[in-house]
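Enquirer: Model the structure of this input:
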Amino acid sequence: MGAPYPGPWTPKPAPWTLAMHDSDASTNIGQKSAQMGYTETVLNITLFKMDFESLDCLYVLPSKTPDASEFSAARFDPAIELSSHLTDMFSSVKNVGHKRAGPVNLYIRGSKVRLKSLPVAFIVFDELDEMKQENIPDAEERTSGHLHPQIWKISTPTLPNFGINALFEKSTQEHYTFKCPCCSRFIELIWPDSIALVGEHQNDPRIKESHIICSVCKGRLEHKNKTHFLKNGVWQPYGNPKVDERGFYINQLYSIPIPPWKIVKTYFEGLIDKASEQRFFNSKLGLPHVVEGAQLSEHEINNTRCNRRKNDPIPEGTIITMGVDQGRWLYYEIAAWHFAKLGNDLNMSAECEVLSEGKIVDFNELDALMRQYQIQKCVIDAQPDRRMAYEFACKYWGHVVLCFYARGQQGRMITLDQDENQHKITVDRTSWLDVALNRFQTNRISIPQDVSIEYIEHLQNLIKHYRNDSFGNPVAEYVNIGPDHLAHARCYNEIALPLAAALATNENVRVYL
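Expert: Alright, predicted model coming up:
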């Protein structure tokens, strides 16, 4: 181990990890707060599998660069250098993504690429919630040729029923418990029952007096004595103890290096800042969390139902647009736009009346919708069937565009491809989803009485997740916890409005943004 615990590995800084090393379950789930020793644990297990069991291993991180590269340089290589045994064992460590120990291999990969042709018996998914979720089953298939494979999945959680939390809920759900030095009962440390919170805000110097307490007897538990009273703790299952998926949960109240007052400071910061609120629950408490207003409620959606039904006559004298998202089906939303007053921002000035929504099999049916509703502008998701979408755009020249989500776009700017023959636009995903979904919270949209259950579910499956970027600035992005195609059709329909207005007035679209 390196600083601050130099020398051979010891469970002293994280005693809860000792029993984790001995798990023989085929699947192990670690839902955790940040910096709780889980990565060191799975790295130890990986090296053991290679050394004693001669098994090929795969270590998966969210991305190749910088995650896999930094892990290889900052975690794996130092572990080798600190052990003469490991130094002798590995014949090649220079390759960032492939380490060899004689005939045994360790592959270090990012999750954003397909993980094929890597037959392994042991896999670690580290920070699973940040990974490209659809590639995870493909990686798991790498163990299908082995009789007794083992998989570890660890992560700080983000949202309920997503990623690591969805897996943890199906596991044994084990919590680390220990004997209270004050009352001798077996307890666990949980927020807020196990904290004596002192102070009133994040800059209050009294917060350093905050300390942990027994949730039962309320006796004070000295932070400096954690190593002593936590060392003989045990994992207690709260889920089904008979399943073969062990789940391990821990939060930063247990942390030996991190004093309680630093957790309290983040709590106070979260009272005034959404990104800090998210970080408090995810990184400090190891719990999934939805910030208020980050997810549409069923009540907010149902509150926008009007007397109209989907087969009612099409309103006259309005702009009619359509948004289409590609999936196994073509998902669409068609809307009429009404203007009580005109302003510099069309989307903010317009009221949206959803005329129809649903899913169809192919572009022939989409063609019928274009003619039936006399669509003035249609925005289609460019992927996955770009060829069919392009041919459709060519057929309805000037009335259909292919949309790409991309990073680096400024706000709601719509970037048109310089070659108009490409029928291509690029937008910022988060900014346009904000406008599309916020209509329900501000009651600036109406939906038919007979709107589908699927439409409502898809809208609720997009949740805004807050975090701080590498510079400490708050950023947000939408994460899907289930099918979300009709929510994106809603977004593409929102984008279609300024494009339709530009088409009708023969003006450049940018004047509306």
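Enquirer: Where does the prediction get shaky in the stretch 51-200 of the chain?
Expert: 65, 92-94, 113-117 (pLDDT under 70).
Enquirer: Helices along that one, start to end?
Expert: Here the stretch 51-200 of the chain has its helices, by DSSP state H, counting those that start in this stretch, at 69-71, 77-81, 84-89, 136-140, 163-168.
Enquirer: contacting residues around the closest residue to residue 207 other than its chain neighbours?
Expert: Once flanking residues are discounted, residue 207 sits nearest to residue 199: 3.7 Å by C-beta to C-beta, 6 or more residues apart in numbering. Where you see a C-beta, it was placed from the backbone N, CA and C, and this is true even at glycine. With contacts defined as C-beta atoms under 8 Å, 6 or more residues apart in numbering, the neighbours of residue 199 are 205, 206, 207, 209, 210, 264, 268.
Enquirer: Which strand or helix spans residue 359?
Expert: Assessed by DSSP states H and E, residue 359 sits inside strand 350-360.
Enquirer: Likewise for residue 503?
Expert: Residue 503 belongs to helix 485-505 when elements are defined using DSSP H and E.
Enquirer: before we move on, back to that, packing partners of the strand holding residue 359?
Expert: Applying 3 or more C-beta pairs under 8 Å, 6 or more residues apart in numbering; DSSP states H and E, one finds that strand 350-360 makes contact with strand 330-339, helix 363-373, strand 445-446, helix 453-460, helix 485-505.
Enquirer: Show the residue spans covered by the helices in the stretch 201-350 of the chain.
Expert: Assigned by DSSP H, counting those that start in this stretch, the stretch 201-350 of the chain shows helices spanning 226-230, 260-270, 274-279, 298-302, 346-349.
Enquirer: Residues in contact with the third one: which ones?
Expert: So the one you mean is helix 274-279. With C-beta under 8 Å, 6+ apart as the contact definition, helix 274-279 has outside contacts at 266, 269-271, 289, 291, 294, 465-468, 474-476.
Enquirer: run the last query once more with 7 Å
Expert: Contact partners of helix 274-279, identified using C-beta atoms under 7 Å, 6 or more residues apart in numbering, comprise 266, 269, 270, 289, 291, 465, 466, 467, 468, 474.
Enquirer: If you drop the residues flanking it in sequence, what lies closest to the fifth one?
Expert: Yep, that's residue 291 we're talking about. Once flanking residues are discounted, residue 291 sits nearest to residue 274: 5.0 Å by C-beta to C-beta, 6+ apart.
Enquirer: neighbours around the one you found, how many?
Expert: Number of residues near residue 274 (other C-beta atoms under 10 Å) recorded here: 18.
Enquirer: mind checking how far the residue lying closest to residue 223 once chain neighbours are set aside is from residue 250?
Expert: The shortest distance from residue 223 to any non-neighbouring residue, by C-beta to C-beta, 6+ apart, is to residue 259 (5.5 Å). To residue 250, residue 259 is 17 Å away according to C-beta to C-beta, to the nearest Å.
Enquirer: With residue 81 instead?
Expert: From residue 81 to residue 250 the distance is 28 Å (C-beta to C-beta).
Enquirer: Looking only at neighbour counts, state which of the two leads.
Expert: residue 250 (25 against 12).
Enquirer: circling back: drop anything exposed from the contacts of helix 274-279.
Expert: Listed as buried from the contacts of helix 274-279 are 266, 269, 270, 289, 291, 465, 466, 467; burial here means 16 or more other C-beta atoms under 10 Å.
Enquirer: Checking the last one next. Helix, strand or coil?
Expert: Recorded secondary structure, residue 467: strand (DSSP: H, G, I helix; E, B strand; the rest coil).
Enquirer: Can you read off the pLDDT for it?
Expert: For residue 467, the pLDDT comes out at 82.
Enquirer: That one against residue 475, yeah?
Expert: Yes. Using C-beta atoms under 7 Å, residue 467 is in contact with residue 475, at 6.1 Å.
Enquirer: what inclination does the helix holding residue 503 have with respect to helix 453-460?
Expert: Calculated by axes from the mean of the first three to the mean of the last three C-alpha atoms, to 10 degrees, helix 485-505 forms an angle of 90 degrees with helix 453-460.
Enquirer: buried set for helix 485-505?
Expert: 485-503.
Enquirer: Hmm, residue 400 is touching residue 392, no?
Expert: Yes. Using C-beta under 7 Å, residue 400 is in contact with residue 392, at 5.9 Å.
Enquirer: who touches both of these two?
Expert: Common neighbours of residue 400 and residue 392, counting by C-beta under 7 Å, 6+ apart, are residue 380.
Enquirer: Count the residues that sit near the nearest residue to residue 118 once chain neighbours are set aside.
Expert: Once flanking residues are discounted, residue 118 sits nearest to residue 142: 5.0 Å by C-beta to C-beta, 6+ apart. For residue 142, the number of neighbouring residues by other C-beta under 10 Å comes to 24.
Enquirer: Let the chain start at 240 from now.
Expert: Sure, I'll start counting at 240 from here, so that last one is residue 381.
Enquirer: ok now do residue 381, which residues does it touch?
Expert: 297, 354, 357, 358, 359, 362.
Enquirer: Of these, grab the buried ones for ChimeraX.
Expert: A single ChimeraX command selects the buried members of the contacts of residue 381 (16+ other C-beta under 10 Å):
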select :297,354,357,359,362
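Enquirer: okay if I get the contacts of residue 381 as CSV plus distance to residue 517?
Expert: Shown next, in CSV, are those (distance: C-beta to C-beta, whole Å):
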residue, distance to residue 517
297, 30
354, 29
357, 34
358, 39
359, 34
362, 28
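Enquirer: Let me know the closest of the contacts of residue 381 to residue 542.
Expert: Nearest to residue 542 out of these is residue 354 (C-beta to C-beta; 44.5 Å).
Enquirer: re earlier: turn the helices of the stretch 290-439 of the chain into CSV, including distance to residue 413.
Expert: Converted to CSV, the helices of the stretch 290-439 of the chain look like this (distance: least, C-beta to C-beta, whole Å):
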stretch, distance to residue 413
helix 308-310, 26
helix 316-320, 26
helix 323-328, 30
helix 375-379, 22
helix 402-407, 10
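Enquirer: Would you mind finding the most buried of these?
Expert: With neighbours defined as mean count of other C-beta atoms under 10 Å, the helices of the stretch 290-439 of the chain peak in mean count at helix 402-407, which reaches a mean of 23.
Enquirer: What lies in contact with that one?
Expert: Helix 402-407 is contacted from outside by 268, 270, 367, 368, 372, 392, 394, 396, 486, 488, 527, using C-beta under 7 Å, 6+ apart.
Enquirer: between these, which is nearest residue 521?
Expert: Nearest member of those to residue 521, counting by C-beta to C-beta, is residue 396, at 5.9 Å.
Enquirer: could you list every residue that touches the closest one?
Expert: Residue 396 makes contact with 270, 368, 402, 403, 404, 521, 525, 526, 527 under the criterion C-beta under 7 Å, 6+ apart.
Enquirer: Roughly how far does the fifth one sit from residue 271?
Expert: Separation of residue 404 from residue 271 (C-beta to C-beta) stands at 11 Å.
Enquirer: Equivalent analysis for the last one, please.
Expert: Between residue 527 and residue 271 the distance is 12 Å, computed by C-beta to C-beta.
Enquirer: May I have the beta-bridge partners of residue 338?
Expert: Beta-bridge pairing for residue 338 (DSSP bridges): residue 345.
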